[in-house]
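[1] build the 3D model from these lines:
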Amino acid sequence: MKWKLLTRDDYVTTNWSGGTTTQLAIAPEGAVYGDRNFLWRLSSATVELDHSDFTPLPDYNRFLSVLRGEIQLKIGADAPVPVAPGKVVAFDGGVPVESRGRCVDFNLMVRKGKGQGAVSVLSSPCEENWSPGSGDLAVYCASGSVSLPEFGVAARTGQTLLCRGFEGGPVSLACEAGLVILAAVREV
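    Numbering: from 1, shown residues only. Just a heads-up that it's a prediction; the model follows:
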């Protein structure tokens, strides 16, 4: 069980009609988002249009949080939901989703029937004991810095700490002046 530091050099950024998307990590390693054959994918998108429609992903559940800015999501027939930094919205990737507003977001996609995911947001300063269970874990430092003292690893703004095959137990985190996103995925 080893933590790996991912930086901008490890990410893949692509353009879409409303901005850019940066893939932070994907499983299994080497999977291609466009092939839709992945178990999970972490990404951050810049939404530069005032109105856009999400790409339909009927085989995936999605977890979305805003890092900067604010948007409103209209998920299916439901009333629009405001999403500001610190809030996480989970939804079925196959349901039509409209977005209004501009932002930078964080997105976890998990294959239905193959995995279960969870996303939470920490504002700093903080000292936190995270108990994610076993599976793949990611700690994305949206701003500031975060460290995992017991593992001797740390990340700064824009970096991700990734552990594939975490065996369970608590993870101690220390955050300084910023926003940190925690993501966990376990296979079912």
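[2] quick check, Val89 in a helix?
    No - secondary structure of Val89 (DSSP: H, G, I helix; E, B strand; the rest coil): strand, not part of a helix.
[3] what's the pLDDT at it?
    Predicted confidence (pLDDT) for Val89: 97.
[4] residues contacting Leu67?
    44, 85, 103-106, 142-143, 179, 181 (CB atoms under 8 Å, 6 or more residues apart in numbering). Just so you know, the C-beta spots here come from the backbone N, C-alpha and C atoms, and that holds for glycine as well.
[5] what's the least confident helix or strand in the chain by mean pLDDT in contact with?
    Between all helices and strands in the chain, the lowest mean by mean pLDDT, DSSP states H and E belongs to strand 126-130, at a mean of 89. Under the criterion CB under 8 Å, 6+ apart, residues 122, 170-175, 180, 182 lie in contact with strand 126-130.
[6] can you select the buried ones from these in ChimeraX?
    Remark: buried members of these, expressed as a ChimeraX selection using 16 or more other CB atoms under 10 Å:
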select :122,171,173,175,180,182
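[7] out of the contacts of strand 126-130, which comes closest to Ala25?
    Leu182 (13.5 Å; CB to CB).
[8] surely that closest one is within a strand?
    Yes - counting by three-state DSSP, Leu182 falls inside a strand.
[9] quickly list what it is bridged to.
    Ser120, Val139 (DSSP bridges).
[10] in contact with it, which residues?
    By CB under 8 Å, 6+ apart, the neighbours of Leu182 are 119-122, 130, 132, 137-140, 173.
[11] against Gln159, how distant is it?
    Plainly put, Leu182 is 14 Å away from Gln159 if you go by CB to CB, to the nearest Å.
[12] which strands and helices sit next to the strand or helix carrying Val110?
    Element membership for Val110 (DSSP states H and E) is strand 103-111. Applying 3 or more CB pairs under 8 Å, 6 or more residues apart in numbering; DSSP states H and E, one finds that strand 103-111 makes contact with strand 40-47, strand 60-69, strand 115-123, strand 171-187.
[13] centre of the chain versus the longest one, how much separation?
    Relative to the mean C-alpha coordinate of its chain, strand 171-187 is positioned 10 Å out (CA atoms, centre = their mean, to the nearest Å).
[14] let me know the pLDDT of the residue located most distally from the centre of the chain.
    Relative to the centre of the chain, the most outlying C-alpha is that of Ala77, 24.7 Å out, by CA atoms, centre = their mean. Looking at Ala77, its pLDDT is 96.
[15] report the contact partners of Gly165.
    1, 134-136.
[16] wait, which of the residues you listed is closest to Gln72?
    Asp136 (30.6 Å).
[17] which parts of the strand or helix carrying the closest one are buried?
    Applying DSSP H and E as the criterion places Asp136 in strand 134-148. For strand 134-148, the buried set under the neighbour-count rule, 16+ other CB under 10 Å, comprises 135-148.
[18] how about those residues in JSON lines, adding pLDDT and distance to Gly69?
    JSON lines is the format used below for these (pLDDT from 0 to 100; distance: CB to CB, whole Å):
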{"residue": "Gly135", "pLDDT": "97", "distance to Gly69": "30"}
{"residue": "Asp136", "pLDDT": "98", "distance to Gly69": "28"}
{"residue": "Leu137", "pLDDT": "98", "distance to Gly69": "26"}
{"residue": "Ala138", "pLDDT": "98", "distance to Gly69": "22"}
{"residue": "Val139", "pLDDT": "98", "distance to Gly69": "22"}
{"residue": "Tyr140", "pLDDT": "97", "distance to Gly69": "17"}
{"residue": "Cys141", "pLDDT": "97", "distance to Gly69": "18"}
{"residue": "Ala142", "pLDDT": "95", "distance to Gly69": "12"}
{"residue": "Ser143", "pLDDT": "94", "distance to Gly69": "13"}
{"residue": "Gly144", "pLDDT": "94", "distance to Gly69": "18"}
{"residue": "Ser145", "pLDDT": "95", "distance to Gly69": "22"}
{"residue": "Val146", "pLDDT": "96", "distance to Gly69": "22"}
{"residue": "Ser147", "pLDDT": "96", "distance to Gly69": "27"}
{"residue": "Leu148", "pLDDT": "96", "distance to Gly69": "28"}
